[in-house]
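Colleague: Have a look at this prediction, sequence included:
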Amino acid sequence: MNAAPRVLAIIDELLTSTKPNARGALWHLGEVGRELDANLVRLPAGAEVGEHQEDVLDVLLLVVAGGGSLRSGDGQALELGTSTLLWLPRGSRRSLAAGPDGLAYVTVHRRRPGLAIKATGSGAYESGEGHAGGEGPCMLDRVCPGCGRLSDDPAPLFCSRCGEPFPER
């Protein structure tokens, strides 16, 4: 692991180098050995991320362009504008809606543990959360581009956690 600080992305350049109607993750933190995950996500004007709940992780959300609103599970609406920083505590329900100029935001949270298969004492196999590894590359088309959840559906159209549409195949 390279422990030297370095620039990973220039947000304005990422936003201007993609089509204005591009939706989903435009960038993600992929450094080896990291303890954090981060994503730059864009929603075009009027787009939404359906109501969902993160049960495991607290998330910081920083609006970097455009605006919109976040609706909490209790119906409270929070207006979002450039430079708004939100804390989304684990267990909270929320949905996002982009305003007329779209919405671009960065999310940062603790890295999710990898999935692996390990043998149990009985010779059976089970998921080994927290162990090195991950899903095989043949399942990458089932990983949500918005939140990273692995879909149980072999041909998902929308993420059941965050509502993000999967790319057409």
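Modeller: Received it, and whenever you're ready, just let me know what you need.
Colleague: centroid residue for the protein?
Modeller: With distances taken as CA atoms, centre = their mean, residue 147 lies nearest the centre of the chain, 2.9 Å away.
Colleague: Contact partners for it?
Modeller: Counting by CB atoms under 8 Å, 6 or more residues apart in numbering, residue 147 makes contact with 52, 54, 159, 161, 162, 164. Where you see a C-beta, it was placed from the backbone N, CA and C, and this is true even at glycine.
Colleague: Nearest to residue 40 among those residues?
Modeller: residue 164 (14.0 Å; CB to CB).
Colleague: I'd say the closest one and residue 158 touch.
Modeller: Yes. Assessed by CB atoms under 8 Å, residue 164 is found in contact with residue 158 at 6.9 Å.
Colleague: Of those two, which one has the most company?
Modeller: residue 164 (24 against 15; other CB atoms under 10 Å).
Colleague: Report the separation between that one and residue 149.
Modeller: 9 Å (CB to CB, to the nearest Å).
Colleague: How about residue 90?
Modeller: Residue 90 is 15 Å from residue 149, where distance means CB to CB.
Colleague: Just the ones in strands from the contacts of residue 147, please.
Modeller: residue 52 (DSSP state E).
Colleague: From the contacts of residue 147, pick the one nearest residue 74.
Modeller: residue 52 (14.8 Å).
Colleague: okay but the closest one is in contact with residue 93, surely?
Modeller: Yes. If you go by CB under 8 Å, residue 52 and residue 93 touch, sitting 7.1 Å apart.
Colleague: Between those two, which is the more surrounded one?
Modeller: Legend: neighbour count by other CB under 10 Å for residue 52 and residue 93, higher for residue 52 (20 against 13).
Colleague: What strands line up against the helix or strand harbouring residue 68, and which way round?
Modeller: Residue 68 belongs to strand 59-72 when assigned by DSSP states H and E. Strand 59-72 has the following strand partners under DSSP bridges: strand 77-81 (antiparallel), strand 85-88 (antiparallel), strand 93-110 (antiparallel).
Colleague: Give the rounded mean pLDDT of the first one.
Modeller: Per-residue pLDDT over strand 77-81 has a mean of 97.
Colleague: what's the answer for stretch 22-41, then?
Modeller: Stretch 22-41 comes out at a mean pLDDT of 89.
Colleague: Buried residues in that stretch, which are they?
Modeller: Residues of stretch 22-41 classed as buried: 23, 24, 25, 26, 27, 37, 38, 39, 40, 41 (neighbour count, 16 or more other CB atoms under 10 Å).
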